[in-house]
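**Q** Could you work out the structure for the sequence below:
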Amino acid sequence: MQQPDPGRIRAVILTTRRSGSSFLVECLRSHPEIECASEILNGQPDDPVPAFRGPWRYVKKWSRIARTGAWRPAWWLDGYYRRGTAKVRCWKAMYEQLVRPFALRYVVRNEDIRVIHLRRHNLLKSHISALLMNKREELQATGPTEAVWIHVNPRRAIRSMRKMKARYEYFDRAFERHPRLQVAYENLFDGKYLQAETCSRICDFLGVAQYRMESRIVKLNPDSLRDMVTNYDELAAAVSKTEFADLLG
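**A** Here you go, the predicted structure:
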């Protein structure tokens, strides 16, 4: 087996769905010193491919995990970090993937792995975006898309936000001994480019040259909750009585 490059910087994007991670992966891939993969714990190849959205998507996912050997996280990740020629090798880990046996333990034990912890501060928009995702044929867009509306159950939304907040805090504690950089969805997009300040912070964190990074992916949903939620007034009334009231602004 190919031996690891002693100068290689190992990194991971730690995140959850609908947080701009696909945009960030593409941006990192545009940097000449970075090789960045997507969800390799799902058996994805090193070069990200569009997600399959058909009715058999879960069958395909688990068959791919079994076929590739991704169900053996330590072996699979060691192989990924050994491959390639770039100074930095990075991949994307979703929270739910790290709770699989031995996956979390591998990353936690390897304290040299640099963690880019990506979150979306507006947890309400994150929840609504996840609901809208199930009504769309595409997970990401590279151009304008038609508006999609949805009815949001206020109690489920509040419960979901509390769960997302707790999961972020849990995984942030899990990697407290690693080099970490916290990045927010709200500070990612500048058209097709990664926002300049965020771009600079990531380059410094990964020890690579400053470089303007870009992606083909654009925002999928509008900025205003009123333009997505059919029962906005009902939702706002419920959320305004919780610790998430400021997310309505």
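
**Q** Check the offset of the longest helix seen in the chain from the chain's centre.
**A** Counting by DSSP state H, the longest helix found in the chain is helix 154-174. What separates the centre of helix 154-174 from the centre of its chain is 15 Å, taken as CA atoms, centre = their mean, to the nearest Å.

**Q** Ok, stretch 20-29 next?
**A** 8 Å.

**Q** Name the residues that touch it?
**A** With contact meaning CB atoms under 8 Å, 6 or more residues apart in numbering, stretch 20-29 is reached by 13, 15, 34-38, 48, 90, 92, 94, 116, 118, 120, 139-140, 183, 185, 188-189, 193-194, 199, 202, 213-217. Every C-beta, even on glycine, is put in place using the N, C-alpha and C of the backbone.

**Q** List every C-alpha atom in that stretch, with coordinates, as CSV.
**A** Extracted as CSV, the C-alpha positions of stretch 20-29 are listed here (Å, rounded to 0.1, in the frame of the first residue of the first chain):
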residue,chain,number,x,y,z
GLY,A,20,-24.1,24.5,2.5
SER,A,21,-21.6,21.6,2.7
SER,A,22,-21.8,20.7,-1.0
PHE,A,23,-21.0,24.3,-1.9
LEU,A,24,-18.0,24.3,0.5
VAL,A,25,-16.8,20.9,-0.9
GLU,A,26,-16.8,22.3,-4.4
CYS,A,27,-15.1,25.5,-3.3
LEU,A,28,-12.3,23.5,-1.6
ARG,A,29,-11.9,21.4,-4.7
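
**Q** re the thing from before, keep only those of the contacts of stretch 20-29 that are in helices.
**A** C199, I202.

**Q** got a list of contacts for the longest helix of the chain?
**A** Contacts of helix 154-174 (CB under 8 Å, 6+ apart): 14, 16, 95, 98, 104, 108, 117, 119, 123-124, 126-128, 180, 182, 234-235, 237-239, 242, 244, 247.

**Q** Restrict stretch 124-136 to CA atoms and write it as CSV.
**A** Extracted in CSV, the C-alpha atoms of stretch 124-136 (Å, rounded to 0.1, in the frame of the first residue of the first chain):
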residue,chain,number,x,y,z
LEU,A,124,-35.4,27.1,11.5
LYS,A,125,-34.3,27.7,7.9
SER,A,126,-32.3,24.5,8.1
HIS,A,127,-35.3,22.5,9.2
ILE,A,128,-37.5,24.1,6.5
SER,A,129,-34.8,23.5,3.8
ALA,A,130,-34.8,19.8,4.8
LEU,A,131,-38.5,19.6,4.4
LEU,A,132,-38.4,21.4,1.0
MET,A,133,-35.6,19.0,-0.1
ASN,A,134,-38.1,16.1,-0.1
LYS,A,135,-40.3,18.1,-2.5
ARG,A,136,-37.6,18.9,-5.0
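
**Q** Contacts for that stretch, please.
**A** Stretch 124-136 has contacts (CB under 8 Å, 6+ apart) with 16-19, 120, 139, 145, 148, 150, 152, 157, 160-161, 164, 185, 220-221, 225, 228-229, 239, 244, 247-248.

**Q** Going through those, which ones are buried?
**A** Burial by neighbour count, 16 or more other CB atoms under 10 Å: within the contacts of stretch 124-136 this picks out 16-19, 120, 145, 152, 157, 160-161, 164, 185, 220-221, 225, 228-229, 239, 244, 247.

**Q** For stretch 224-236, give me every contacting residue.
**A** With CB under 8 Å, 6+ apart as the test, stretch 224-236 has contacts from 124-125, 128, 132, 147-152, 154, 157, 221-222, 248.
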